[in-house]
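In: here you go, sequence then predicted model.
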2 protein chains.
Amino acid sequence: MTVTDTETTRKSRREGGGRRGGGTGRAPVPQLARRKLTRLFPAMEIVSKDELESIHLASLKVLSEIGMDFTLPQARDMLRQAGAKVEGERVRFDPAMIEELISSAPSEFTFHARNPENNQRIGGNAITFGTVASPPNSADMDGGRRTGNYQDYRNFLKLAQYFNCIGFLSGYPVEPIDVHASIRHLEALRDAVLLTDKPFHAYSLGEERIRDGIEIARIGRGISHEQLEKEPSLFTIINTNSPLKLDTPMLNGILEMSSRNQIVCVTPFTLAGAMAPVTVAGALVEQNAEALAGIAFTQLVRKGAPVIYGGFTSNVDMKSGAPAFGTPEYMKATVVGGQLARRYNVPFRTSNTCAANTVDAQAAYESVFSLWGLTMGGGNLIMHGAGWLEGGLVASFEKFILDCDLIQMVSEFMQPLETTEDALGVEAIREVGPGGHFFGAQHTLARYTNAFYSPIVSDWRNNQQWLAAGKPEAWQKANAVWKQALADYQEPAIDDAIRDELNAFVDRRKAEGGAPTDF
Amino acid sequence: MTVTDTETTRKSRREGGGRRGGGTGRAPVPQLARRKLTRLFPAMEIVSKDELESIHLASLKVLSEIGMDFTLPQARDMLRQAGAKVEGERVRFDPAMIEELISSAPSEFTFHARNPENNQRIGGNAITFGTVASPPNSADMDGGRRTGNYQDYRNFLKLAQYFNCIGFLSGYPVEPIDVHASIRHLEALRDAVLLTDKPFHAYSLGEERIRDGIEIARIGRGISHEQLEKEPSLFTIINTNSPLKLDTPMLNGILEMSSRNQIVCVTPFTLAGAMAPVTVAGALVEQNAEALAGIAFTQLVRKGAPVIYGGFTSNVDMKSGAPAFGTPEYMKATVVGGQLARRYNVPFRTSNTCAANTVDAQAAYESVFSLWGLTMGGGNLIMHGAGWLEGGLVASFEKFILDCDLIQMVSEFMQPLETTEDALGVEAIREVGPGGHFFGAQHTLARYTNAFYSPIVSDWRNNQQWLAAGKPEAWQKANAVWKQALADYQEPAIDDAIRDELNAFVDRRKAEGGAPTDF
């Protein structure tokens, strides 16, 4: 069912109270209403239970015989007391200890936004798509490729707010490198609260930053510390230093976040052939070992703290060492990653990726192959949902729009097929009869406006019309759409007291010098 | 596992006896070996058994209460004698009659090629991809869009032969409009036999043409009429005139083909909102009614004759009436089409489609969404696998190459994941240890050449290299590849006696004037 300018959107626009359509009177960008997306079909499985168990057992063997380096002494002390074997930085885990610790991780939880309508259910059959996160560069077709900057950062936040299919901010959609690193997290997260009302992420780059992130999430929601501990309102990605290492900023991130019952997503970055074995199965063994160690540590910090199993296994081009994305290997790793996460009964995080240098056919097929793997494989929290280009080195404005269309199509595909008697249409078929057509049938007239998905980017004009329009390609439509969306964007409403408290906090922390930059 | 210039390919090249690499000494286009592709995971289901049954029952209701027009008197006589109610051209079927007739359709069979290595298993978990079929136009990025012609036709046949991922010819990859319609089938099918050794299709455009097609298939294989009747060696698409009509050329096609035990693929062309109800479920009811009527008629002609359930339900753009492809609705219709075909225990035909006007991001995402639906949905015979553009109005050389890459990626995704002890890589992880890398590991060195899929089109160079190369897009790589493939193409070997018999037959039939053009 296609709804342009939905009830929800209209409502939030009214609440926003800002300008409408940039005063141009244009039709808004057609988009689907905000929707809680649920997978109604069983997740795909490509390895048998026995094969899955062999991956599980191999990763437990890695953790018990080889072990992992934990660089933070406090973390090693905690693990030693819990029964791990510690020698220098190396920590070895008894399989039973891992199994016992991870058993307390919750299977599902709610990720709270300052606007409760944007709360995201994480786990089970729920699926939610976030923005791209962390590229050092941004690009659009007019301005070209450039170093990530504050203006682009803010513009991506506006797009994230504008498009209903975006459930959360996966991180900074582009790194605002022109904001000094000591205060970047303060400015960036203030904007995340003010320019959007969707839930967001803070980077684990030292304990000060993550503490500031938690405080900003709390202030943004206008809740007490106690309520924050009951309602996870911030998430952080914990990337292991693959192979087999968890460094101090990441361990501090887990300590700060899990102790406050905020969401930790443990994501090994295991490129097969580079930081992991050259086989998909071997890379998955390593991914699983590292993920289990990280998840176990969250539960040691606080039993029941919300945690997500992150998969980011892909392969490299063995000729150049360049990472490849959206490949058959990526799809397989994604599907088996989902099988592993479900084995441990924790939510699964995966990503919409591509390696293309521009918004061409390659960008599209690598992304849809990624979406195929993660949708069928039971992904729950989808990072880099919109805007990722060039293996994550670039946040692209046109790719953001293209991806919103792709996400919406996935979302439509996942809606149940209507099979009511009216939908089955026997009476319409009777009305039209052999040799007729349905354009004027009563059944058609009653349903045609919302019958089918109305795409953002796709150009369905015939060749003559398309030639007359100047042979536009998909990226050109996307280029026009992000400009319109930015022009039509309206800042979401916020309580004045919350805004004041947020500004006071950020300004005070900036005056204090922000956070150290020697992380 | 990636194999460039495989054993099979090398062998057929030697057998071909032609020039090698056009004398240039270039590396051949990297491609996978010929492979019998099998779906190892269960096909996806998006409607429940009850919902599927409601579609089934609604289509039986359509056939019993509304009925279908059969324009050929001979067909109506046969149906009347078998118990159908006939009034004028209208034929109404008792549900029990349909169920009884379709029950004799085989669930699987082999589609024979003149080179037995190119035999295709049809049905069950097997999946095979064919070329695009029937566009009236062709296009490439140098020559632009043009009316279909004989030279392009032959070039597409050469590409079909060159690429191992292409299992069969779905029809004429482009219509050779410059060959007179009376003899077009003779010239075109002679080329299908001589330029390829893969199995092929003949159009049901009058009884003479389909009889000629059967004879050419028999001669090409060098077998007797008796053996031909045991070994299906030709297929034909029977498109119903949706809604609810089977015309004389199509009915003659079934009579000729099924009586000789050749393959009939009944494919209603049910665009929701145009020739079918505006709901996906309604369009499926109509598709199913028409398919069941056609399948039933094949079994009335000859019990056990090989027949395929064809699905081609998509939606139209309700603003313009233009057909849309690769949409969420198309994906759903494809998946439910597979559920229906499996309910009747017959093979399922579907297609790799798109509506894009050029080989851009849209062409890629619509195609991969199509491939997603048909792969997960259990498609067996995949028409329009490579080369389809502009809703089937254009056969594109660049799209052909892009699609070969997409098909190969699907094929790789469908390969089982290796989970041997060596693949699990625990010893490699031990060798490298925390903080190391796997580039020089023994495990990597032993496997790296064939570890990952090596794409035809994807450009994985970094931005600097890509800029230096002139910012090529995917279609430009595809453009270079089809030219190289044509230059490197070698005609497959054929027995001199068979070639002579084929030429004699075609020349005689041409001298007789070919076939009438008033069909």
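Out: Done, it's in.

In: please, which helix or strand holds the residue nearest the centre of chain A?
Out: Compute the mean C-alpha point of chain A, and by CA atoms, centre = their mean the closest residue is residue A:383, 2.2 Å away. Using DSSP states H and E, residue A:383 maps to strand A:381-386.

In: which residues of the stretch 251-400 of chain A fall in helices?
Out: Secondary structure of the stretch 251-400 of chain A (DSSP state H, counting those that start in this stretch): helices at A:280-301, A:328-344, A:361-376, A:397-413.

In: low-scoring stretches of chain A, by residue?
Out: A:1-25, A:519 (pLDDT under 70).

In: what about residue A:420, neighbour count?
Out: Neighbourhood size, residue A:420 [other CB atoms under 10 Å in any protein chain shown]: 10. For every residue, glycine as well, the C-beta is placed using N, CA and C.

In: swap in residue A:354?
Out: Other residues close to residue A:354 by other CB under 10 Å number 30.

In: ignoring the adjacent residues along the chain, who's closest to residue A:310?
Out: residue A:267 (2.8 Å; CB to CB, 6 or more residues apart in numbering or on different chains).

In: from residue A:286, how far out is the one you found?
Out: 13 Å (CB to CB, to the nearest Å).

In: can you check residue A:198 too?
Out: Following CB to CB, the distance that separates residue A:198 from residue A:286 is 33 Å.

In: do the same with residue A:34
Out: Applying CB to CB to residue A:34 and residue A:286 gives a distance of 38 Å.

In: one more: residue A:493?
Out: 46 Å.

In: mind checking which of residue A:34 and residue A:286 has more residues around it?
Out: residue A:286 (31 against 18).

In: contacts only, for the more buried one.
Out: A:59, A:62, A:242-244, A:268, A:270, A:275-277, B:425, B:429 (CB atoms under 8 Å, 6 or more residues apart in numbering or on different chains).

In: okay, those residues in TSV with distance to residue A:122 next?
Out: Formatted as TSV, the contacts of residue A:286 follow (distance: CB to CB, whole Å):
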residue	distance to residue A:122
A:59	23
A:62	27
A:242	24
A:243	27
A:244	27
A:268	19
A:270	22
A:275	27
A:276	26
A:277	30
B:425	31
B:429	30
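
In: run through the residues that contact the residue of the stretch 151-300 of chain A found nearest chain B.
Out: For the stretch 151-300 of chain A and chain B, the shortest gap (CB to the nearest CB) falls at residue A:282, measuring 2.6 Å. With contact set as CB under 8 Å, 6+ apart, residue A:282 has these partners: A:272, A:276, B:423-426, B:428-429, B:443.

In: ok, so of the residues you listed, who is nearest residue A:455?
Out: The shortest approach to residue A:455 among the contacts of residue A:282 belongs to residue A:272, at 34.6 Å (CB to CB).

In: with adjacent residues omitted, what lies nearest to the closest one?
Out: Residue A:272's closest residue in space is residue A:283 (CB to CB, 6+ apart), at 3.9 Å.

In: tell me, how many residues neighbour the one you found?
Out: Neighbours of residue A:283 (other CB under 10 Å): 32.

In: go on, residue A:293?
Out: 27.

In: quick check on the residue nearest to it when sequence neighbours are not counted: phi, psi?
Out: Once flanking residues are discounted, residue A:293 sits nearest to residue A:68: 5.1 Å by CB to CB, 6+ apart. The phi/psi pair for residue A:68 (degrees, to the nearest 10) reads phi -130, psi 150.

In: so residue A:68 touches residue A:291, yeah?
Out: No: if you go by CB atoms under 8 Å, residue A:68 and residue A:291 don't touch, sitting 11.0 Å apart.

In: need the residues touching each of these two.
Out: Joint contacts of residue A:68 and residue A:291 (CB under 8 Å, 6+ apart) are residue A:240.

In: what about those two, which has more around it?
Out: Ranked by neighbour count (other CB under 10 Å), residue A:68 and residue A:291 place residue A:291 first, with 32 against 26.

In: please enumerate the helices of the stretch 401-519 of chain A.
Out: Going by DSSP H, counting those that start in this stretch, the stretch 401-519 of chain A shows helices at A:421-424, A:426-432, A:442-447, A:463-468, A:474-488, A:496-511.

In: in a markdown table: those helices, plus distance to residue B:353.
Out: Below are the helices of the stretch 401-519 of chain A laid out as a markdown table (distance: least, CB to CB, whole Å):
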| stretch | distance to residue B:353 |
| --- | --- |
| helix A:421-424 | 23 |
| helix A:426-432 | 24 |
| helix A:442-447 | 22 |
| helix A:463-468 | 16 |
| helix A:474-488 | 16 |
| helix A:496-511 | 50 |
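
In: so which of those helices gets nearest residue A:46?
Out: Closest among the helices of the stretch 401-519 of chain A, once you apply CB to CB, is helix A:474-488, at 30.7 Å.

In: buried set for that closest one?
Out: Within helix A:474-488, the residues scored as buried using 16 or more other CB atoms under 10 Å in any protein chain shown are A:474-479, A:481-482, A:484-486, A:488.

In: what about chain B: which of these touch it?
Out: Among the buried residues of helix A:474-488, the residues that sit close to chain B (CB under 8 Å from any CB of the partner chain) are A:474-475.

In: closest to chain B out of the buried residues of helix A:474-488?
Out: Nearest member of these to chain B, counting by CB to the nearest CB, is residue A:474, at 3.9 Å.

In: pretty sure the closest one is in contact with residue A:401, am I right?
Out: No: counting by CB under 8 Å, no contact exists between residue A:474 and residue A:401, whose distance comes to 9.4 Å.

In: near chain B, anything from stretch A:164-177?
Out: No: legend: contact between stretch A:164-177 and chain B by CB under 8 Å from any CB is lacking; minimum distance shown is 13.0 Å.

In: that stretch: end-to-end distance?
Out: 28 Å (CA to CA, to the nearest Å).

In: off-centre distance for it?
Out: Counting by CA atoms, centre = their mean, to the nearest Å, stretch A:164-177 is centred 8 Å from the centre of its parent chain.

In: enumerate the residues of the stretch 51-200 of chain A near chain B.
Out: Counting by CB under 8 Å from any CB, the stretch 51-200 of chain A sits next to chain B at A:51, A:54-55, A:58, A:61-62, A:65-69, A:90, A:145.

In: any chance of a ChimeraX selection covering the buried ones in those?
Out: Those of those that count as buried under 16+ other CB under 10 Å are selected in ChimeraX with:
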select /A:51,54,55,58,61,62,66,67,68,69,90,145
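
In: in PyMOL, select just the buried ones from the contacts of residue A:286.
Out: Buried subset of the contacts of residue A:286, written as a PyMOL selection, criterion 16+ other CB under 10 Å:
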select buried, (chain A and resi 59+62+242+243+244+268+270+275+276+277) or (chain B and resi 425+429)
